[in-house]
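> Take this sequence and fold it.
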Amino acid sequence: MKPSSWLLISLPLAAYAAPPAFDGISQTPLGMGKFAADHLRDSASEWLDDAKKTILKGKKNMEKWYHQGREYIKQDNLLYEFVTHPSFQHYSLRVTEPKLCDPTVKQYSGYLDVAEDKHLFFWFFESRNAPATDPLILWLNGGPGCSSSTGLLFELGPCSISDEGRNVTGNPHSWTNNANVIFLDQPVNVGYSYADDGTTVSTSPAAGVDVYAFLELFLNRFPKYAKAPFHIAAESYGGTYAPNFASIIYKANNELKAAPNPKLKHINLASVVLANGLTDPYVQMGSVADYVCDGPYPVYDDPEGPQCAALRSKIPTCQRLIKACYNFNSRFTCVPAVAYCNSQLFGPLMQTGLNPYDVRRKCDRSEDKDGQLCYKQMGWIETWMNEPSNKAALGVNPDKQFASCNMEVNQAFTMNGDGMHNSAALLPELVDDGVRLLVYAGNADMMCNYLGNERWVEGLESQFIDEFARSKPLPWILSQTGGVVGEVRSAGGGGRTAGNVTFVNIHAAGHMVPYDQPEAALDLINRWIKDIPIAG
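Below you'll find the predicted structure:
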């Protein structure tokens, strides 16, 4: 894989007989696989599909109309509820109700439309347990440029891709067991998201503006979720996204306190969860040689050998360039840092033939083997998401082609040096005001290794810095099996809570922890959102 194409993957959905508030006007999918299909081949679903066709018959494309207090729109021969907000005049939502993946829960999917030329896809699942009181999680994948459908169908969603993309199976370890979860494809041109004129977004702060608008529109349309604690959880490059997005939400909340507006929702930002993320590049790039030479899964046999010596010799220059990026905060200083650190530190490591996201495994990047991202399931996801009936069910134009990752988006962020900024610097203000921080990392991941993640957390200049520095790693024992699955360091809460600043090293897991350790990942998120101790 060329350096320019590296991804933090995770990297790396009787015409008016339906009740009010859109509850029952569904886009009924066809041919989506047995797991979902068995729940849909009944007379009610058949009738709803006929009702949808009847509603749309005679309507013009982009035509809008009202019914029972709600506005609807026909677009690309699909039916949506149309949602607007007076405070966000350049934004609107198109919403439908699919029954894919987990037909036992309420779902919403569709698009945030931005100024009529950018369109961000989302797919929401209610909690399987108590949706009225369970928390709300926004899940973001990284890349930059990778779809959150990776997290949905490969990691923590209510169903998992199977049968080479011809089917999905139920996931008993889904985070939707005890949380309402939104999966959002952002920025524009990622996954099902698209721009009419090819426009893209190339910085995390710019992407965050759209994410905040989406949350306001979504929570105003579905206010029962607005009362719940809200958690941003992001993986990989999401370690850069999430602090930026959380900071924007935090500042908007403060502005709302100073100048109340009943039409806006205070978003109950409870925590930021960073999963194998890239957050403080200076510290994390400085840990690369330590991890690959002395870590639990050493890449090189001899920690004092020529490969390790060469790698260590490159780190001072890499860190000097990153420091310039931190100091001057411009693409002219940040892009050279990206170019040098990626090529000089990760270039040699990519030649080892190992899976950089899980160094316990080899990676054959042939299309008929592991694929460019070292996981053949990424191709399976594309197969399933490009099935026309699944697209129609999710409110996606069948002409749109889904790709797990978009290299043009990746390149746009790279050429702005976005990933070399110190996103960790945005967090102390939030942490000191009660927003909790969880950072976890699988110890087999080379791209965003656990050593670097633990080190930047230890150096985070919040009110908990001294307490965290004094903390000792404690064993994390899985609730159900009693096995030790990792180590936990935490500050705040006096041992009675999950902590205010918490780091978890997860054993025998790579870049995508919910894939490698699904039971442990569910145990972790359940304890975190319930704010009960993780250690022990």
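> Excluding chain neighbours, what is closest to the residue nearest to the spatial centre of the chain?
Nearest to the geometric centre of the chain sits L140, at 1.4 Å (CA atoms, centre = their mean). Closest residue in space to L140, ignoring its immediate chain neighbours: A234 at 4.1 Å, by CB to CB, 6 or more residues apart in numbering. All C-beta spots, glycine's among them, are computed from the backbone N, C-alpha and C.
> Surely the one you found is within a strand?
Yes: counting by DSSP: H, G, I helix; E, B strand; the rest coil, A234 is found in a strand.
> what's around it, how many residues?
Residues near A234, counting by other CB atoms under 10 Å, number 27.
> wait, it sits on C146?
No: between A234 and C146 there is no contact, the gap being 11.4 Å when judged by CB atoms under 8 Å.
> unless I'm mixing things up, the residue nearest to the centre of the chain is touching L184, no?
Yes: with contacts counted by CB under 8 Å, L140 reaches L184, the gap being 6.2 Å.
> what's the overlap in contacts for those two?
S148 (CB atoms under 8 Å, 6 or more residues apart in numbering).
> Return the distance of the residue nearest to the centre of the chain relative to G347.
Distance, L140 to G347, using CB to CB, to the nearest Å: 27 Å.
> got it, and P398?
In this view, P398 and G347 are 40 Å apart by CB to CB.
> can you check A491 too?
37 Å.
> So for the two, which sits in the more crowded spot?
Legend: neighbour count by other CB under 10 Å for A491 and G347, higher for A491 (25 against 14).
> And that one, its phi and psi?
phi -130, psi 140 (degrees, to the nearest 10).
> Please point out which parts of the top helix by length along the chain sit buried.
When the chain is parsed with DSSP state H, its longest helix is helix 306-328. Neighbour-count burial for helix 306-328, counted by 16 or more other CB atoms under 10 Å, picks out 307-308, 311, 314-315, 318-319, 321-322, 324-326.
> ok, which pair from those is furthest apart?
Greatest spatial distance among the buried residues of helix 306-328 (CB to CB): Q307 and Y326, at 28.6 Å.
> All the strands of the stretch 201-350 of the chain, in order from the start?
230-235, 269-275 (DSSP state E, counting those that start in this stretch).
> still on that earlier bit, quick one: list the elements packing against the longest helix of the chain.
If you count contacts as 3 or more CB pairs under 8 Å, 6 or more residues apart in numbering; DSSP states H and E, helix 306-328 packs onto helix 281-285, helix 288-294, helix 331-341, helix 347-350.
> and with 7 Å instead?
Contact here means 3 or more CB pairs under 7 Å, 6 or more residues apart in numbering; DSSP states H and E; on that basis helix 306-328 packs against helix 281-285, helix 288-294, helix 331-341.
> which one of those lies closest to F468?
Relative to F468, the nearest member of the helices and strands packed on helix 306-328 by CB to CB is helix 281-285, separated by 14.2 Å.
> How far away from the center of its chain is that closest one?
21 Å (CA atoms, centre = their mean, to the nearest Å).
> Check which helices and strands it is in contact with.
Packing partners of helix 281-285 (3+ CB pairs under 7 Å, 6+ apart): helix 306-328, helix 450-458.
> Those: which one's closest to E126?
Comparing the helices and strands packed on helix 281-285 against E126 with CB to CB, the closest turns out to be helix 450-458 (31.4 Å).
> and the angle from the closest one to strand 269-275?
150 degrees (axes from the mean of the first three to the mean of the last three CA atoms, to 10 degrees).
> Going by neighbour count, list what's buried in helix 450-458.
450-458.
> that older thread, so which of the helices and strands packed on helix 306-328 is the most packed in?
Of all these, helix 281-285 has the most neighbours on average by mean count of other CB atoms under 10 Å, namely a mean of 24.
> Below-threshold pLDDT in the chain: ranges please.
Within the chain, the ranges that satisfy pLDDT under 70 run 1-49.
> what's in contact with the longest helix of the chain?
The contact list for helix 306-328 (CB atoms under 7 Å, 6 or more residues apart in numbering) reads 281-282, 285-286, 288-289, 292-293, 300, 302, 333-334, 336-337, 340-341, 344-345, 348, 417, 420-422.
> Apply 6 Å and report the result again.
The set of residues external to helix 306-328 that reach it, using CB atoms under 6 Å, 6 or more residues apart in numbering, is 281-282, 285-286, 289, 293, 300, 333-334, 336-337, 340-341, 344-345, 420, 422.
> residues near the residue nearest to R496 when sequence neighbours are not counted, how many?
Sequence neighbours aside, P533 is the residue nearest to R496 in space, at 7.0 Å (criterion: CB to CB, 6+ apart). Residues near P533, counting by other CB under 10 Å, number 18.
> gap between P533 and G494?
Here P533 is placed at a distance of 10 Å from G494 (CB to CB).
> cool, and K74?
Look at K74 and G494: by CB to CB, they are 57 Å apart.
> quick one, helices of the stretch 401-536 of the chain?
407-414, 427-432, 450-458, 465-470, 513-516, 518-530 (DSSP state H, counting those that start in this stretch).
> Take the ones you listed and write them to CSV, including distance to V504.
Conversion of these to CSV gives the following (distance: least, CB to CB, whole Å):
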stretch, distance to V504
helix 407-414, 27
helix 427-432, 16
helix 450-458, 9
helix 465-470, 13
helix 513-516, 9
helix 518-530, 6
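> For Q68, find the nearest of those helices.
Of those, nearest to Q68 by CB to CB is helix 518-530, at 34.7 Å.
> Between K74 and G494, which is the more surrounded one?
K74 (20 against 9).
> Just to be sure, that one is in a strand?
Yes: K74: assigned to a strand according to three-state DSSP.
> sorry, back to before: export the strands of the stretch 201-350 of the chain to JSON lines and append columns for distance to N220.
Converted to JSON lines, the strands of the stretch 201-350 of the chain look like this (distance: least, CB to CB, whole Å):
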{"stretch": "strand 230-235", "distance to N220": "14"}
{"stretch": "strand 269-275", "distance to N220": "17"}
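> The residue nearest to I248 when sequence neighbours are not counted: neighbouring residues, count only.
Excluding its sequence neighbours, the residue lying closest to I248 (CB to CB, 6+ apart) is G208, at 4.3 Å. As a burial measure, G208 scores 22 neighbours (other CB under 10 Å).
> Enumerate every residue touching Q377.
154, 161.
> now the one 5 residues further on
E382 makes contact with 402, 404, according to CB under 6 Å, 6+ apart.
> 10 Å instead?
Neighbour list for E382: 147, 149, 161, 165, 191, 371, 401-405 [criterion: CB atoms under 10 Å, 6 or more residues apart in numbering].
> do the same with N526
175, 177-179, 479, 532, 534.
> ok, now how distant is it from F218?
When distance is defined by CB to CB, N526 is 24 Å away from F218.
> and if you look at A132?
16 Å.
> swap in F183?
To F218, F183 is 12 Å away according to CB to CB.
> intersection of neighbour lists for these two?
What both F183 and F218 touch, as defined by CB under 10 Å, 6+ apart, is the set 122, 124, 138.
> Show me what the stretch of helix or strand the second one belongs to is packed up against.
What that stands for is F124. Using DSSP states H and E, the element containing F124 is strand 118-125. Using 3 or more CB pairs under 10 Å, 6 or more residues apart in numbering; DSSP states H and E, the elements in contact with strand 118-125 are strand 91-96, strand 107-114, strand 136-140, strand 180-184, strand 194-195, helix 204-221, helix 388-394.
> redo that, cut-off 6 Å
When contacts are defined as 3 or more CB pairs under 6 Å, 6 or more residues apart in numbering; DSSP states H and E, strand 118-125 packs onto strand 107-114, strand 180-184.
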